[in-house]
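Engineer: the sequence and its predicted three-dimensional model are supplied below.
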Number of protein chains: 4
Amino acid sequence: MAVRTPDPDPNESDDNGASRDPLRGMESSYGSGSNGTNPGWLTDVELAEARRRMPMLYVEAIPVRTDGMGAVTQVGILLRATPVGEMVRTIVSGRVRYGETVRDALFRHLENDLGPMAFPMLPPQPLPFTVAEYFPIPGVSAFHDDRQHAVSLAFVVPVTGTCEPRQDALEVTWMAPQEAASDALAAEMEGGRGTLVRLALASVGALR
Amino acid sequence: MAVRTPDPDPNESDDNGASRDPLRGMESSYGSGSNGTNPGWLTDVELAEARRRMPMLYVEAIPVRTDGMGAVTQVGILLRATPVGEMVRTIVSGRVRYGETVRDALFRHLENDLGPMAFPMLPPQPLPFTVAEYFPIPGVSAFHDDRQHAVSLAFVVPVTGTCEPRQDALEVTWMAPQEAASDALAAEMEGGRGTLVRLALASVGALR
Amino acid sequence: MAVRTPDPDPNESDDNGASRDPLRGMESSYGSGSNGTNPGWLTDVELAEARRRMPMLYVEAIPVRTDGMGAVTQVGILLRATPVGEMVRTIVSGRVRYGETVRDALFRHLENDLGPMAFPMLPPQPLPFTVAEYFPIPGVSAFHDDRQHAVSLAFVVPVTGTCEPRQDALEVTWMAPQEAASDALAAEMEGGRGTLVRLALASVGALR
Amino acid sequence: MAVRTPDPDPNESDDNGASRDPLRGMESSYGSGSNGTNPGWLTDVELAEARRRMPMLYVEAIPVRTDGMGAVTQVGILLRATPVGEMVRTIVSGRVRYGETVRDALFRHLENDLGPMAFPMLPPQPLPFTVAEYFPIPGVSAFHDDRQHAVSLAFVVPVTGTCEPRQDALEVTWMAPQEAASDALAAEMEGGRGTLVRLALASVGALR
C-alpha cells in the first residue's frame, strides 16, 4: 500500500482550541505574558520545528470489546481519510501536551476519535502494553512516521458504549481478534501499526 | 499479631457443592464412573493429602474503586473470622479447580467473597500483577501459609457495584491507598498479604 | 501434524532421583514417616492420579540470545523425540515441585534441558510474560495437553553460554525471531506452543 | 529535606559534545544546513524553551546486583552534588535525544553515570516497570521536577561490573532492598524518586 501521508495525530489542530485545558493553571507559574496564551500550546510552525528536534510523546489506544468475563472479543479499527484523500486503517493516537497526564491525554484522544458516548474504561495500571518508537527513517524499529521521531505509550482500552467517530475518523470497524491480526489488515495500516495491533492482541492473550 | 489459622480460601467447602460446574463436560472424557462424580472435586481428605504433596494453584484479587479516569481511589479489604474466632483482614483468595480457567476461578471467588452485585471488571490482560508464592515454612519468601505450598496469581480488580460479603467474609472496608499500604493494616493481615497489597498498589501507581 | 504423545515435561522422571533437594528441610515439619521419603515426591501412579484431579503448576522458558544492548537476536527451539519416536519442536518446560520456588524450578528445568554450561540469566522480575493454561480438551484455550490441566508461568530467558541438550532434548536450534514466529515452526510444535513462542516474541518487541 | 535544584539530568551538557552519534545519519534527510549541525542537538536556550512547551522524554534506571538465580540482592543509589553544592541521592536519569532509541538512551545514561566498566544487562523486554510523570507543580502526580514536564520510562537494570561514577555522580552506594525502600532514603531523594525506587523494588518482588 502506498503511504503518502502518515497521520497518526489528526487532533493536533485542537492544540489551538481545546475545550479541556490540560495545563490546569500551570501557566500562571510561568508568567505566560499579558496575552494570556498558554506556553504549552504550539503554533503549527513551532510544532513543525519541535518535530525536527525532539522526540514527541504520544499515546495510542486499541479499543476493544470484552465479554462479561473480561476476555477480548472484538477489536476496533478506525477508517480515516488522509489529507490527500486516501483511506487508511488506524488506531486512536495523539500527542501528550505540556502539563497533561498520560491518562488525560489517553482519555482526550479516545473521546476525540470515538465520540463522547464510547465510555472507555481506562485501566487502573498506568503501564502501556508496549512502548512503540516511531522513527522518520524506516527500518530503525518496527514503527515509522515520516513526520517525526515519536515515542508512543500504547494501551488496550475496553469501550462499553457507542462509538461515533469524529474529526478525521470516518468509521470504527469491529473485528474478531483473528481478523485484526491478519496480514490483510496490517497491509492497510501505516507506519507499522499492524504490528502494534498484534502486540496488543498478544498482551490480552488473544493472538494465536 | 498471633497467626493461628491462616485461611486464605474459605470457599474450599464449595468444592463439594458448587452451582457453577467448572469442568464443562470434561469428566466425560475421563470415565468418571457410574456415580457421576467429577474427578476434579476433592474430598477433604484428598485435598489435605494433595496439600502435602503438590503446589496448589490459587488466584487472589485486590478489589478497588476507580475514578472516571481509571485511577484507583479506594482499596477493598475484607474482614474475616477464622475458625477459632479471630478477626483478620484479608483479600479475595481461592483455589483454581481442575478444568477451570484462571479467569473463571477469579470471577467465582470474587462473587463468593463480594456477593453477586459487586460487578467486578476483570481485566482484558490475563497477566497477574505478581505471582505470590506461599510456603508452609516462613521466610522462604514474603508469603507464608501454614497449610500448604500455594502459588497465587494476584490481580487488581475494579468493582463497580455493591459488595455484600458472603461466606466467612463479614465486611468489606474501603480505604484510601495510603491507608491500605500502612504498617498498621499489614499487621492485621496474615501470611504476608500486607506485602501483596503494597505490590498491588505499586502496580497501579498508587504506592508512595 | 499428528500429535500422539504430548510431552511437555520430560524431566518428570527426576521426581524420583533429583540431585537438588527442593524441599530444603520442609519434610521435617510434616512428619513424612519412618521411611524418610519426601512427601513432595510423587510416584508415577500418584502423579497420574493428581493429574486427573488438580491443575498442575508448570514453568516454561523460551531461551534467547541477545545483543550487547539486550535486544533479542535469536530464539532457541528444542528438538525432542517423543516416546513413540516422533520428532517435535518444543521449549523448556517442566513441573514445579512441592516446596520449590518458581525461580528454582525455572533454573532446574533450564539446566536439565540446556545443560550445565548454558548460563541462563534469570530475570530479576518474578513475573512471567504470560500465563499459559493447558487443558486436556482442545479449544478451551490456545493451549492443549492431553495428559492434564496445566497452568504454566512462561518466561523469556537470555542464555549466554553453550547449550548441550540433555535428557530427551536432542538439539537446540537457534533461529531468527521471524523464523520462530512462522507458521511453519508453529506446525511443528505441540499443544499451542507456536502461540507461546509468538507471545514471547511480542513481549520482547521482536514480533512483527 | 530542602530541595533547591532538582537535577535529574546531569548529562544534558553532552548534548553538545557526545561521542556517540544518536542520529545515525538522520540529519541528512532533513537538510540540516551548510554548517552541518545536527538539528537534534539543542542549545541551552532552545532546550530551556522546549522545556516550557512540551513534555520531555526521559529514561531512568535503578541499577541492581542480582544473585546467581536472578533475584535482586542490592540496589545502587547515586550520590550527586547539585550546582549549589548540596548532596542528593538519585538514580540514573537522562533525556532521550531526537533519533535515539529508548534502549540506546538507557545505555548511554548508564555509561555516563556508572562508567564504562559497569556492564549493565539491559532487559530483553522494552517495557519499563513504570512510567513516571514529573510535573513542574508538585502534587499533580507522585513525581515533581521544577524545570519541566518530563515523562520517564523507568527500568531496573542489573549491572555485573564495576561502577565508577562519572560526571556529577560522586558515588554509587549499594544497599539492601529494605534500606533502599526506607523512609530515610526517600527523604534524601528529590522529586519523588524515593517512590520510584519503591516501585522498582515492587516490580522485582523485593518490596515488603
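Structural biologist: Alright, I've got the coordinates. Numbering: from 1, shown residues only, chains lettered A, B, ... in the order given.
Engineer: and A:Val172, how far from chain B?
Structural biologist: Taking Cβ to the nearest Cβ, to the nearest Å as the criterion, A:Val172 is separated from chain B by 18 Å. C-beta coordinates here come from the backbone N, C-alpha and C atoms, glycine included.
Engineer: quick check: which helices or strands does the helix or strand that contains that residue pack against?
Structural biologist: Secondary structure here is read from DSSP states H and E; on that basis A:Val172 sits in strand A:169-175. Judged by 3 or more Cβ pairs under 8 Å, 6 or more residues apart in numbering or on different chains; DSSP states H and E, strand A:169-175 is in contact with strand A:72-81, strand A:87-90, helix A:102-114.
Engineer: mean neighbour count and distance to chain C added to the ones you listed, as CSV?
Structural biologist: As requested, the helices and strands packed on strand A:169-175 are arranged in CSV below (neighbours: other Cβ atoms under 10 Å in any protein chain shown; distance: least, Cβ to the nearest Cβ, whole Å):
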stretch, mean neighbour count, distance to chain C
strand A:72-81, 20, 13
strand A:87-90, 19, 17
helix A:102-114, 22, 20
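Engineer: using the three-state scheme, assign the residue positioned nearest the centre of chain A.
Structural biologist: Geometric centre of chain A, nearest residue: A:Ser93, 0.9 Å, by Cα atoms, centre = their mean. Using DSSP: H, G, I helix; E, B strand; the rest coil as the criterion, the local structure at A:Ser93 reads strand.
Engineer: over to A:Gln148?
Structural biologist: Under the three-state scheme (three-state DSSP), the conformation of A:Gln148 reads as coil.
Engineer: neighbours of it, how many?
Structural biologist: Taking other Cβ atoms under 10 Å in any protein chain shown as the neighbour definition, A:Gln148 ends up with a count of 23.
Engineer: what is the burial count for the closest residue in space to it that isn't next to it in sequence?
Structural biologist: Spatial nearest neighbour of A:Gln148, excluding adjacent residues (Cβ to Cβ, 6 or more residues apart in numbering or on different chains): A:Arg51 at 4.0 Å. Using other Cβ under 10 Å, A:Arg51 is surrounded by 19 other residues.
Engineer: if we can go back for a sec, turn the helices and strands packed on strand A:169-175 into JSON lines, columns for distance to chain B and mean pLDDT.
Structural biologist: Rendered in JSON lines, the data for the helices and strands packed on strand A:169-175 read as follows (distance: least, Cβ to the nearest Cβ, whole Å; pLDDT from 0 to 100):
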{"stretch": "strand A:72-81", "distance to chain B": "5", "mean pLDDT": "95"}
{"stretch": "strand A:87-90", "distance to chain B": "20", "mean pLDDT": "92"}
{"stretch": "helix A:102-114", "distance to chain B": "5", "mean pLDDT": "95"}
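Engineer: can you say which of those is nearest to chain D?
Structural biologist: Nearest to chain D among the helices and strands packed on strand A:169-175 is helix A:102-114; the distance by Cβ to the nearest Cβ comes to 6.2 Å.
Engineer: who touches that closest one?
Structural biologist: Contact with helix A:102-114 is made by A:10-11, A:14, A:18, A:20, A:22, A:59, A:61, A:63, A:76, A:78, A:92-97, A:100, A:118, A:120, A:122, A:126, A:153, A:155, A:157, A:159, A:163-167, A:169, A:172, B:69-71, D:131, D:133, D:151, as judged by Cβ atoms under 8 Å, 6 or more residues apart in numbering or on different chains.
Engineer: show me those that map onto strands.
Structural biologist: Judged by DSSP state E, strands contain the following of those: A:59, A:61, A:63, A:76, A:78, A:92-95, A:153, A:155, A:157, A:169, A:172, D:131, D:133, D:151.
Engineer: any low-confidence regions in chain A?
Structural biologist: A:1-40, A:167 (pLDDT under 70).
Engineer: one more pass at 50, please.
Structural biologist: Counting by pLDDT under 50, chain A shows low-confidence ranges at A:1-36.
Engineer: what residues does chain A have near chain D?
Structural biologist: Proximity of chain A to chain D is confined to A:24-26, A:29-30, A:39-40, A:42, A:46, A:50, A:52-57, A:96-102, A:126-131, A:133, A:135-137, A:140-141, A:149, A:151, A:153 under the rule Cβ under 8 Å from any Cβ of the partner chain.
Engineer: mark which of these are buried, thanks.
Structural biologist: A:26, A:30, A:39-40, A:42, A:50, A:52-57, A:96-102, A:126-131, A:133, A:135-137, A:140-141, A:149, A:151, A:153 (16 or more other Cβ atoms under 10 Å in any protein chain shown).
Engineer: who are the contact partners of A:Cys163?
Structural biologist: When contacts are counted by Cβ under 8 Å, 6+ apart, A:Cys163 is found next to A:Pro63, A:Gly76, A:Leu114, A:Gly115, A:Met117, A:Ala118, A:Val172.
Engineer: thank you kindly, that will do.
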